[in-house]
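[1] After the sequence you'll find the predicted model.
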Amino acid sequence: MVSPRNFDMDVLRTFVTGVRLGSFAKAAEALGRTPPAVSLQLKKLADLSGQTLFIKQGRGLALTDAGEALHDYAVRILELNDEAMMMLGSSRALDGWLRLGIPQDFAETSLPPVLGRFSRAHPKLRVEARVDRGAKLVAAVERGDLDMAVTWGGQKSAHCQHIATHPIVWIAASEDAVPAGEPVPLIAFDPPCSFRAAAVDALSAAGREWRQVFASPGLAGLWAAVTAGLGVTIRTTTGMPAHLRVLDPQRAGLPALGSVDLMLHTAEATPSAPVARLRDILLDMLVSPT
């Protein structure tokens, strides 16, 4: 009888983290390992799978079909592992309510699966999630209406920490979304908005005229306006619909936009056990090197 071969969980985590961050050098830094150690882990993974997992693409690496398949399995394996560890990791079941605020960018992408796994691991703990803009979420945390919130921008609160820094990009439906010689047609939230402020500051510094052609209280409205070709918007690529594209500022005649901070706010300096547990999971998912 042939003994079954088993994937190493740490190796799978390195593999998935590297793909998520787009760089195994970044994965090494995020996981506290050296680049040579990560290279050995990837070689071990390729040897065990018996497949070529990567091919060179420009200066980086791209997943092969086998690599894509293994990545999908690895994500599922790690999710089950982490869910089991969450369930068994404390001597008593967590119970009560947890009130979380999240930006619209994450509401339909990465956070729902995380909240689902968290709820399955802690069935007695009920999570109430609120999706809103950053200023309102920070105010809710400071009032005690939310236990914790993730926000874009530099809003500060009594108990906040920096999670990550993401580049701000111009997003449009096509390369010709900004007609040459005309004011930039801007699609954005009304103030206060960190993304709108970054665009207005950059355009003003570059001496470029602009006009706001569409405003919406919801991100779905912004994406719909961009899809209809009404103009360009400014966000990170988090949650960006696949049919839209990031514009090259130089080719589009637009200024560079810099970056935006992702912040975590808690109502208490020492959060309760449920809040601390979810906070750690969010940090693991959202932190990436700048």
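    Sure thing, it's come through.
[2] can we go C-alpha only for contacts and neighbour counts from here?
    OK.
[3] So which residues make contact with the helix or strand containing residue 201?
    Using DSSP states H and E, residue 201 falls within helix 194-205. Surrounding helix 194-205, the residues in contact under the criterion Cα atoms under 8 Å, 6 or more residues apart in numbering are 152-154, 168, 188-191, 209-210, 234-235, 254-258, 260.
[4] That one - what's its average pLDDT?
    Averaging pLDDT along helix 194-205 gives 94.
[5] Run me through the strand neighbours of the very next helix or strand once past it, direction for each.
    Sequence order places strand 210-214 as the next helix or strand after helix 194-205, per DSSP H and E. Strand pairing for strand 210-214, using DSSP bridges, gives strand 184-187 (parallel).
[6] For the partner strand, list the C-alpha coordinates in CSV.
    Output in CSV follows, covering the C-alpha atoms of strand 184-187 (Å, rounded to 0.1, in the frame of the first residue of the first chain):
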residue,chain,number,x,y,z
VAL,A,184,-11.3,65.6,-16.4
PRO,A,185,-14.8,64.1,-15.9
LEU,A,186,-14.7,63.0,-12.3
ILE,A,187,-16.9,60.3,-10.8
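[7] So which residues make contact with it?
    Under the contact criterion Cα under 8 Å, 6+ apart, strand 184-187 has outside partners 178, 208-215, 222, 225-226, 230-234.
[8] Determine the number of other residues adjacent to the residue nearest to residue 173 when sequence neighbours are not counted.
    Leaving out its chain neighbours, the residue that sits closest to residue 173 by Cα to Cα, 6 or more residues apart in numbering is residue 244, at 4.9 Å. As a burial measure, residue 244 scores 15 neighbours (other Cα atoms under 10 Å).
[9] Quick one: mean pLDDT for stretch 172-182?
    Here stretch 172-182 scores 90 as its mean pLDDT.
[10] follow-up on the earlier one: what about the helix holding residue 201, distance to the chain center?
    Using Cα atoms, centre = their mean, to the nearest Å, the distance from the centre of helix 194-205 to the centre of the chain it belongs to is 22 Å.
[11] how about that helix: buried residues?
    Neighbour-count burial for helix 194-205 flags 194-200, 202-203 (criterion: 16 or more other Cα atoms under 10 Å).
[12] just stretch 152-169 next, same as before
    152-153, 155, 157, 159-160, 162-166, 168-169.
[13] Quick check: the farthest pair among those?
    159 and 169 (28.8 Å; Cα to Cα).
[14] ok, residue 27 touching residue 18?
    Yes - applying Cα atoms under 8 Å, one finds residue 27 in contact with residue 18, separated by 4.8 Å.
[15] what about the two, which has more around it?
    Using other Cα under 10 Å, the more surrounded residue of residue 27 and residue 18 is residue 27, with 25 against 19.
[16] quick one on the thing from earlier: now the buried residues of stretch 152-169 in TSV, with distance to residue 142 and secondary structure?
    What follows is the buried residues of stretch 152-169, written out as TSV (distance: Cα to Cα, whole Å; DSSP: H, G, I helix; E, B strand; the rest coil):
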residue	distance to residue 142	secondary structure
152	16	strand
153	17	coil
155	12	coil
157	7	coil
159	9	coil
160	11	strand
162	17	strand
163	19	strand
164	22	strand
165	23	strand
166	25	strand
168	27	coil
169	30	strand
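[17] show me where the stretch 101-250 of the chain has helices.
    104-107, 111-121, 134-143, 194-205, 219-227, 249-252 (DSSP state H, counting those that start in this stretch).
[18] could I have stretch 265-279 exported to CSV, CA atoms only?
    Presented in CSV, the C-alpha positions along stretch 265-279 are these (Å, rounded to 0.1, in the frame of the first residue of the first chain):
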residue,chain,number,x,y,z
HIS,A,265,-10.4,51.4,14.8
THR,A,266,-11.6,49.8,18.0
ALA,A,267,-14.0,51.2,20.6
GLU,A,268,-11.8,50.0,23.5
ALA,A,269,-8.1,50.1,24.1
THR,A,270,-8.3,46.4,25.2
PRO,A,271,-11.0,44.8,23.1
SER,A,272,-13.2,41.9,24.4
ALA,A,273,-12.2,38.4,23.4
PRO,A,274,-14.7,38.2,20.4
VAL,A,275,-13.5,41.6,19.1
ALA,A,276,-9.8,40.7,19.5
ARG,A,277,-10.3,37.4,17.7
LEU,A,278,-12.0,38.9,14.7
ARG,A,279,-9.4,41.8,14.7
